[in-house]
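**Q** Need the 3D shape of this:
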Amino acid sequence: MEGGGEEDKAKKESGSSESSGTSTNPYSHVRGTELVGYSDSDLGGDMDDRKSTSGTIFFLGGSPVSWQSAKQKIVALSSCQAEYVAAAGAACQGIWLRRLIGELLGRDDGATRLCIDNKSAIALSKNPVFHDRSKYIELPYHFIRQCVEDGSINVHSAGGWLDARATWYGTADGAGPDDNGGACGFKNVNLPPFNAMTSCGNEPLFKDGKGCGSCYQIRCVGKAHPACSGVPETVIITDMNYYPVARYHFDLSGTAFGAMAKDGRNDELRHAGIIDMQFKRVPCQYPGLSVTFHVEKGSNPNYLAILVEYANGDGDVAQVDLMDGGEPTGAWRPMRHSWGSIWRLDTRRPLRGPFSLRVTNGSGRSLVADKVIPADWQADAVYSSDVQFDD
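**A** Numbering: from 1, shown residues only. The predicted structure follows:
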């Protein structure tokens, strides 16, 4: 016997259930939907056309959901422009992702947070006034300003603490590699100024060698291990980590790993083997040292390989250019990135000293070491300049 009156029939016909007001959206219960994006760029990384590459990744609730690496269509004139173009592309992707998530969830969870690794680009995205710094940036890239103004994108500095995992290798009180070197080409990293506070970096940190010399503060806190001190320590990227266990993986020297421990508990922390930790990029500081050049073994008038080290600030090197004494025009010749922090120049015409070197760091700042390598230069020799990147 079928029961129920007109009210029950109306419910059946409309497809409604007894629990009126219950959403039929299967995603409506989902929480932790904060959308956070990160944008970054190199500067003139393509050695053929000197265009930069943009990198973008978005996390939803802490998990990566979208990422992209693409060469920019323009030649950036500064690190600010390269980062600004990357941020504009990330803003477009963030808006699209937020709309897609809103359709799935049936609600709008607010603005997308976009972290940019360049203070000038952040300031430019918040400044609606065109000035000398932005006049050469094409109009479509200023889309990010509109997004910031209407509140759909919130820009932040990417300079805060990020999560990573840490392991260690070598001896407990060593610098990592048995030869105290590494894939960056630096020598004697067990001695000052490195002092064995060194680390391998996986690709997002090592950057195919372009991240060599970068400095990071690292820390581990009590929730990771009871021996963690939580006190930041500074390490330098000197080697490559080929087997990462996380998106960001620091394979530290035994000295650096133990330095994150409370007093007297260094070995206890090292016995953990692998721990969660946090890191952030910081300026490198080499008090009393100038930018130094090591002419590598095997160098000759037709093949010159140079290791660059002890650069304050960024610590890394984006480009090296050379002017040799035998060049009648006095023109700069771009060197090619060889490996690690080593740059090379191959030439049919024999090079003649003295050599001047122009070094550009990851932020696009350059300095010139005039005639730093003498006419009677030797392979496997070190030449110190009298210049240094400002703090």
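
**Q** which regions of the stretch 151-300 of the chain sit below the pLDDT cut-off?
**A** Counting by pLDDT under 70, the stretch 151-300 of the chain has low-confidence residues at 158-159.

**Q** rerun that using 80 as the cut-off
**A** For the stretch 151-300 of the chain, the stretches flagged by pLDDT under 80 are 151, 154, 156-160, 222.

**Q** Now that Ile144 has come up, it's in contact with Ala88, right?
**A** Yes - assessed by CB atoms under 8 Å, Ile144 is found in contact with Ala88 at 4.6 Å. Quick note: C-beta positions are derived from backbone N, CA and C, even for glycine.

**Q** neighbour-wise, which of these two wins?
**A** Ile144 (26 against 22; other CB atoms under 10 Å).

**Q** what's the helix or strand harbouring that one in contact with?
**A** Ile144 belongs to helix 143-149 when assigned by DSSP states H and E. With contacts defined as CB atoms under 8 Å, 6 or more residues apart in numbering, helix 143-149 is touched by 84, 87-88, 91-92, 94-95, 125-128, 153-155.

**Q** Kindly report the same for stretch 341-354.
**A** 184-186, 209, 212-213, 296, 301-309, 316-317, 320, 322, 324-326, 333, 335-338, 371-377.

**Q** now stretch 187-199
**A** 173-177, 180-182, 186, 216, 218, 233-239, 250-253, 255-256, 259, 286, 289, 294, 310.

**Q** How about stretch 263-276?
**A** For stretch 263-276, contacts defined as CB under 8 Å, 6+ apart pick out 163-168, 172, 220, 223-225, 227-229, 245, 254, 257-261.

**Q** Now do it: distance from first to last residue.
**A** 19 Å (CA to CA, to the nearest Å).

**Q** so how far is it from its chain's centroid?
**A** Distance, stretch centre to chain centre, for stretch 263-276: 27 Å (CA atoms, centre = their mean, to the nearest Å).

**Q** Tell me which residues of it come out buried.
**A** Going by neighbour count (16 or more other CB atoms under 10 Å), the buried part of stretch 263-276 is 265-266, 269-270, 272, 275.

**Q** Which of these fall in strands?
**A** Ile275 (DSSP state E).

**Q** Show me which of the contacts of stretch 263-276 are buried.
**A** Among these, those scoring as buried are 164-168, 220, 224-225, 227-229, 254, 257-261 (criterion: 16+ other CB under 10 Å).

**Q** And Ile101, how far from Ala259?
**A** 41 Å (CB to CB, to the nearest Å).

**Q** Make a ChimeraX selection of the buried ones in the contacts of helix 143-149.
**A** Only the buried entries of the contacts of helix 143-149 go into this ChimeraX selection, using 16+ other CB under 10 Å:
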select :84,87,88,91,94,125,153,155
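
**Q** of the contacts of helix 143-149, the lowest pLDDT goes to which?
**A** Looking at the contacts of helix 143-149 by pLDDT, the weakest one is Pro128, with 58.

**Q** any idea how far His249 lies from Tyr242?
**A** 10 Å.

**Q** ditto for Asp173
**A** From Asp173 over to Tyr242 (counting by CB to CB), the distance is 24 Å.

**Q** for Ala369, same thing?
**A** For Ala369, the distance to Tyr242 - CB to CB - is 33 Å.

**Q** between these two, who's got more neighbours?
**A** With neighbours defined as other CB under 10 Å, Ala369 and Tyr242 compare such that Ala369 has more, 22 against 11.

**Q** Now that one. Nearest residue, chain neighbours left out?
**A** By the measure of CB to CB, 6 or more residues apart in numbering, the closest residue to Ala369 outside its immediate chain neighbours is Ser385, 3.7 Å from it.
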